[in-house]
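Enquirer: coords please:
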Amino acid sequence: MKKSKRYNELLSKVPENPVDLEQAISVLKGFEGTKFDQTIEIHMQLGIDPKQADQIVRGSIVLPHGIGKTQRVVVFAKDKAAEAATEAGADEVGQEDLAKKISGGWLDFDVCIASPDMMGVVGPLGRVLGPRSLMPSPRAGTVTPDVAKAVSEYKAGKVEFRNDTGGNIHAVLGKLSFSADQIKDNAAAFLAYMDSLKPASIKGTYVKGISLTATMSPGIFVSA
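Expert: Numbers count the residues shown, from 1 in each chain. Below is the predicted model:
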């Protein structure tokens, strides 16, 4: 695919070898100037075997400075839990009515949360929500009796991730308009959390590669 003149100019500024986090952020900040605020992502290549259940790496974290985006959150809950979710800022709260709306094709949201007693209603939506990584899960914290807390965390910029079939992790770290210190804080928090998720059964190197990138900018390799 042919790259634009702008992209090639930015590519010439990317260090050939991995650099420390602070330098990588400095280079990335130099890529500001587009008509919109680019999203920063972190990509990690892990030395895991994705086919082994005990080497799956997944989790969620509330980054120190959020992600610069207000996430749209829907909640399956009833009675007091539904009231608490609404008070916490959920964009839509429902039960069978919400399930019918989603099964009909409505997917205008970023996160789906459910109280445990609603999984009988949510379960059949797996074929719709699963492929879009929107299916509520206890491990991710999106199936919980404290739906209000979950709503507050996602509204504050909670990031959820899971390794892909190649053993790679992709996650949002914020916006390019963030200060260098804010980006560094978010990246450091994410990397520390990733370190805590290292599977006990892994052999060899856990983190094989790290890169930071923005929506319309080339990636910068970071020292692992």
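
Enquirer: from here on, contacts and neighbour counts on C-alpha atoms
Expert: Fine.

Enquirer: distance of V62 relative to E9?
Expert: According to CA to CA, to the nearest Å, V62 and E9 sit 34 Å apart.

Enquirer: in this protein, which spans are strands?
Expert: 39-46, 58-62, 73-76, 92-94, 111-114, 158-162, 168-175, 207-214, 220-222 (DSSP state E).

Enquirer: can I get these in JSON lines including mean neighbour count?
Expert: Formatted as JSON lines, the strands of the chain follow (neighbours: other CA atoms under 10 Å):
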{"stretch": "strand 39-46", "mean neighbour count": "20"}
{"stretch": "strand 58-62", "mean neighbour count": "17"}
{"stretch": "strand 73-76", "mean neighbour count": "26"}
{"stretch": "strand 92-94", "mean neighbour count": "18"}
{"stretch": "strand 111-114", "mean neighbour count": "27"}
{"stretch": "strand 158-162", "mean neighbour count": "18"}
{"stretch": "strand 168-175", "mean neighbour count": "21"}
{"stretch": "strand 207-214", "mean neighbour count": "20"}
{"stretch": "strand 220-222", "mean neighbour count": "24"}
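
Enquirer: dump those strands into JSON lines; add distance to A150 as well.
Expert: Below are those laid out as JSON lines (distance: least, CA to CA, whole Å):
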{"stretch": "strand 39-46", "distance to A150": "23"}
{"stretch": "strand 58-62", "distance to A150": "11"}
{"stretch": "strand 73-76", "distance to A150": "10"}
{"stretch": "strand 92-94", "distance to A150": "13"}
{"stretch": "strand 111-114", "distance to A150": "7"}
{"stretch": "strand 158-162", "distance to A150": "9"}
{"stretch": "strand 168-175", "distance to A150": "18"}
{"stretch": "strand 207-214", "distance to A150": "27"}
{"stretch": "strand 220-222", "distance to A150": "32"}
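
Enquirer: done for today, thanks.
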